[in-house]
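K.L.:
Requesting a structural model of the entry that follows:
(chains A, B and C)
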Amino acid sequence: MKNKTLPLHLMTYGVILISCNQQNITQSNTMIPSHTNILISAENNVSISEWSLSRDDFDLGSESRWSVNLTELKGGKQDGVKIIEVNNGKMNISVIPTRGMSILSVRYEDVFLGWDSPVKEIIHPKYIDLEANNGLGWLEGFNEWMVRCGMAFAGHPGLDEGRLLTLHGKIGNIPASEVEVIIDEDPPHTIRIRGKLNEVSFNGTNLELWSEVSTIPGSNSFRIDDVLTNKSLKDQEFMVIYHANFGAPLLEQGSQLYGTIEKVVPFDDFASADVNNWSSYGEPSLGIPERVNCIFPLADEGGNTHFLFQNSNGDRAVSFMYPREQLPYFSQWKNMDTNGYVTGLEPGTGFPHNRSVERKYGRVPTLKSGTSRKFTLEYTIHTDKDGIRAAVEKIQQIGNNKIEIATTVIAK
Amino acid sequence: MKNKTLPLHLMTYGVILISCNQQNITQSNTMIPSHTNILISAENNVSISEWSLSRDDFDLGSESRWSVNLTELKGGKQDGVKIIEVNNGKMNISVIPTRGMSILSVRYEDVFLGWDSPVKEIIHPKYIDLEANNGLGWLEGFNEWMVRCGMAFAGHPGLDEGRLLTLHGKIGNIPASEVEVIIDEDPPHTIRIRGKLNEVSFNGTNLELWSEVSTIPGSNSFRIDDVLTNKSLKDQEFMVIYHANFGAPLLEQGSQLYGTIEKVVPFDDFASADVNNWSSYGEPSLGIPERVNCIFPLADEGGNTHFLFQNSNGDRAVSFMYPREQLPYFSQWKNMDTNGYVTGLEPGTGFPHNRSVERKYGRVPTLKSGTSRKFTLEYTIHTDKDGIRAAVEKIQQIGNNKIEIATTVIAK
Amino acid sequence: MKNKTLPLHLMTYGVILISCNQQNITQSNTMIPSHTNILISAENNVSISEWSLSRDDFDLGSESRWSVNLTELKGGKQDGVKIIEVNNGKMNISVIPTRGMSILSVRYEDVFLGWDSPVKEIIHPKYIDLEANNGLGWLEGFNEWMVRCGMAFAGHPGLDEGRLLTLHGKIGNIPASEVEVIIDEDPPHTIRIRGKLNEVSFNGTNLELWSEVSTIPGSNSFRIDDVLTNKSLKDQEFMVIYHANFGAPLLEQGSQLYGTIEKVVPFDDFASADVNNWSSYGEPSLGIPERVNCIFPLADEGGNTHFLFQNSNGDRAVSFMYPREQLPYFSQWKNMDTNGYVTGLEPGTGFPHNRSVERKYGRVPTLKSGTSRKFTLEYTIHTDKDGIRAAVEKIQQIGNNKIEIATTVIAK
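P.N.:
As a prediction, the model looks like this:
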């Protein structure tokens, strides 16, 4: 709404702002030989419906035939939802600006990060009532590979100081206010999808999340670089869980999870009965309830926590690492029910209890007024059996092959 | 979102898919000399805003000057709502894809199926909060001739196993994911408006309704052919009520309802006081509460239940029939209040108590995983006094002119 | 939806209706040398996205270079929100048809009516869940200079006869069904922005508000002329609060409020402790709770109540007047917290308790079926120190410089 000075990074690079004055006229295939492309901007009154950019629009010398496409979905409950599809030449990443910059799916060769939720459409937040069904309305839109939970609260629905906190918070159903695609001028010409989300209310939360998903053309990895800022003049509690969900075919009978882990503690009695098998996965089983394990990660010398999730053969895997300090807890969600066979591998600032419980156990951090917290995760997809075995061994060495398994459920 | 193989019925007829690539450019009067016309498809990313088709686009030899039009409404709370208007040459039927494929109204000569709700706009579901006002939010959009209630639950709001079930369920406020208009190639060249609705949540309901409204050009009748499928791998309870509402001028002092009926039972004490007059209607009366009668229908030899609702003169009427087995209960809603003078004549799988009550009385059927249930209703409009009298007599013979009237209210 | 006869005022002036048949094609700079311009009409299926009109489109002899612009916002949660910006040649007024015809802000020279809410975007009602957070969802969209509270209920959230009434009611989040811009043919060629809002539910409220904001080209004042009509056949309770909010720079340490006042009563104990300083304002203070004073206004001989709010220097001010009979109570909201430094100066039919409380004290009026109530407020912006002093003295004379200050809180 405001016609202010352009943000600094725009001026720095001498970028041309796409001023979409002609309402509703499609700007298809607008090619801009520049670095920053504004696709959505509440501040500058921009929202583009169709757009693409590829290596051929540049003279950057990149060998990979990368491209980025924005489309607007139509029909049913996905009408008006925007999707940004990044193809780095080898890997496809789909980001959903309209749904909190969630990542719908990632593909690399025959490896698919994502899952087969019964929810098939990419649901527009205007159809989601988070408070519905005792605070479980979030589940009507849940089908992404990775959805952030937070930011003022995450975890189970329930009362906290007299207020119903809804499942996994608001951030996954907030449409991005600013979205930009940046191509680094210098090699390796990293592609960055950046989006700003505001979780704000008068007399309440005022959290801003600048999210970034980036990948180097031709590579088999991508990064998440998020910055959460407390824009309020008051300090503010927050919770973040990176709810990343892995289904078939990577998940199958015999899939294995490895990590630099100190301790595994079952979330409840049902999880407790199977906690010794925490690292392995069975086949889908109709009607079996979810099991959650609360994991306390270790860090390597550089401070990073590592996980690797592989298929039964050990020839397809995804590994990921992040500074333990940023996300000191990790939830493993094993949903072996045939209706949505999936495992959530979820670094977080806490476990998925309601905030009222997490606070009691000291797992709800506070963000001081005006300060920020970074969250940096790097995911790599593996299709090489020897490489996967080597990565697993490295993880096991960091943990000295010693993981404590608790059978008593985590305190609640 | 998915670019899969086209559905079978499309390939069978060699249909051209309308690929609406140019976002937001109106495709007005697109004429396609084929049989299936995709107007909305979440699967194929199609949503057309303006469209029409008529007999003149075909060489099918139909005598009736039929047409079908799609328009998108603008302004207020109806902005973005799509309406499909079928004119079969004699009868107009308005279907609302954006609101659960409800039927807004039907007109045939001077007979109007519909009513004068205080809600005048066709409200977009994005403005409806079903949980508002203790689960009565549905009433802010209620003005259709026929709205389906269901499908996981219908009836009065209230707690069922700790969860607030909202009035008449979700289906009436779900936008259709797939909408197609089919013109039969063979005589009588039936016009079919088909729409798919998904009532789905992770870890919850996964019901799919393929609805169809069809009419033969030039006829005075139309059919509803719905197929409800449980897409979950778990069995699922369901409820369906065809909430068809008749107002003036068909409803007036002296209007009469006839049906193949075994028993009429008042819903509550207020209905009980007038249950002996169940079949007749009075004039509007300011502030009078609603009366509901619970009707147990009989079937004819073919298994069909018949109803006929006529005006005071007996020269205008609507009759309808359907297999009793599909919808074994029937609710008669007499809302004689001047604010919305209307009667609901409502075949259903149960009565409009909350699901928690209906379950207790064995009126909540279960749909096994992967199975379907059909609902088939045929409505005919009459403008011929003798024909109406004959139809009434036939109905009375089936019931042997014997209808049991209970004065004790239905158990609750 | 209905294609009825055009409303009377259109026919009277021989107006050309903008029939926006071509869906989604921008009608930019449509210039119509006529008096009434329909920008939104649910009744006639019109909703224009870009539009402007200015003095140069007329031969009316107005000296002031006035203009009116309609734009549609894009991005984030403001996607699809329409804004009408009136420039009367000296003063700018922004009206938000999509948000209940609220007034976003007013500017005259260096005087700004509005405030710096932490909510920066103009939130589309489709993203607002009024029932969220125990009925405080309204706060997620609260950033206007003036938002009407009402119309069936206003004030604090809470149960009234078993139903949760949400903070400040629905009217501020209802999109206008009809919007027109009228330029008076005769001098002084007043510019009128008119919008119709329906607060309606089957078996519930049926209130219609025709709102009008008008200004004379070149003037330093504007008027609000609202007409509330009970369209139901039943009588209906209603509440209206004109929640007008003043922030910096008009609000600063040393700002003063003057009014024709009989009595000032603190809303609660916290307000009571400072009620003797009711008329003066301090600097922002981090985390200080809001204070509300309940004011009983006096009227002048003509029946009008007068208020004036000035800056510390007394050289910038806004004054406003309205018939006391229309809005007999006045709430002064002092929100001195640095997170949203603002004062609400709020004429109303009652105080901002929940309706259940206000009813007990006789402050919830009833609107008989078919009848209307008018609300007329006139605001003037002052940039002349002597004029401000004279206006203050006049106000003080009306009140005889005697204002009763209660220290006991208003009964609850």
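K.L.:
Around chain B, which positions in chain A sit nearby?
P.N.:
Taking CB under 8 Å from any CB of the partner chain, the part of chain A that reaches chain B is made up of A:24-26, A:28, A:49-50, A:71-79, A:83, A:117-122, A:126-127, A:129, A:131-134, A:136, A:139-140, A:142-143, A:286-287, A:338-340. Glycine gets a C-beta too; all of them are placed from N, C-alpha and C.
K.L.:
quick one, longest helix in chain A?
P.N.:
If you go by DSSP state H, chain A has its longest helix at helix A:385-398.
K.L.:
And that helix, what does it pack against?
P.N.:
Counting contacts by 3 or more CB pairs under 8 Å, 6 or more residues apart in numbering or on different chains; DSSP states H and E, helix A:385-398 packs against strand A:256-259, strand A:304-310, strand A:317-323.
K.L.:
next one: the shortest one to chain centre, how far?
P.N.:
Taking CA atoms, centre = their mean, to the nearest Å, one finds the center of strand A:256-259 at 19 Å from the center of the full chain.
K.L.:
Give me the helices and strands touching the next helix or strand after that strand, please.
P.N.:
The helix or strand immediately downstream of strand A:256-259 is strand A:261-266, counting by DSSP states H and E. Using 3+ CB pairs under 8 Å, 6+ apart, the elements in contact with strand A:261-266 are strand A:291-297, strand A:404-405.
K.L.:
Looking at these, which is nearest to chain C?
P.N.:
With respect to chain C, and counting by CB to the nearest CB, the nearest of these is strand A:291-297 at 26.7 Å.
K.L.:
Flag every residue of chain A that's near chain C.
P.N.:
A:1-2, A:20, A:22-25, A:40-47, A:125-126, A:129-131, A:162-164, A:174-178, A:198, A:200-204, A:206, A:231-234.
K.L.:
ok, back up a step: which one of the helices and strands packed on strand A:261-266 lies nearest to B:Asp57?
P.N.:
strand A:291-297 (57.8 Å; CB to CB).
K.L.:
Quickly run through the sheet partners of that closest one, with directions.
P.N.:
The pairing partners recorded for strand A:291-297 under DSSP bridges are strand A:261-266 (antiparallel), strand A:329-335 (antiparallel).
K.L.:
rewinding a little: make TSV from the helices and strands packed on helix A:385-398 and add mean pLDDT and mean neighbour count to it.
P.N.:
Listed next are the helices and strands packed on helix A:385-398 as TSV, based on pLDDT from 0 to 100; neighbours: other CB atoms under 10 Å in any protein chain shown:
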stretch	mean pLDDT	mean neighbour count
strand A:256-259	98	21
strand A:304-310	98	23
strand A:317-323	98	23
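K.L.:
coming back round to it: buried deepest among the strands paired with strand A:291-297, which one?
P.N.:
Comparing these by mean neighbour count (mean count of other CB atoms under 10 Å in any protein chain shown), strand A:329-335 ranks first with a mean of 22.
K.L.:
Bridge partners for the spatially closest residue to A:Ile405 that is not a sequence neighbour, pull those for me.
P.N.:
Here the nearest residue to A:Ile405 in space, its sequence neighbours aside, is A:Val264; by CB to CB, 6 or more residues apart in numbering or on different chains that works out to 5.2 Å. Taking DSSP bridges as the rule, A:Val264 bridges to A:Ile295, A:Ile405.
K.L.:
Give me the nearest residue to the closest residue to chain C within the stretch 51-200 of chain A, chain neighbours excluded.
P.N.:
Residue of the stretch 51-200 of chain A nearest chain C, by CB to the nearest CB: A:Ser177 (3.3 Å). Of all residues beyond its chain neighbours, the one nearest A:Ser177 is C:Gly76 (3.3 Å), with distances taken as CB to CB, 6+ apart.
K.L.:
right, and that neighbour touches A:Asn198 too?
P.N.:
Yes - between C:Gly76 and A:Asn198 a contact is recorded at 7.3 Å, counting by CB atoms under 8 Å.
K.L.:
Tell me which of the two has more neighbours.
P.N.:
The neighbour count for C:Gly76 versus A:Asn198, taken as other CB atoms under 10 Å in any protein chain shown, is higher for C:Gly76 (29 against 24).
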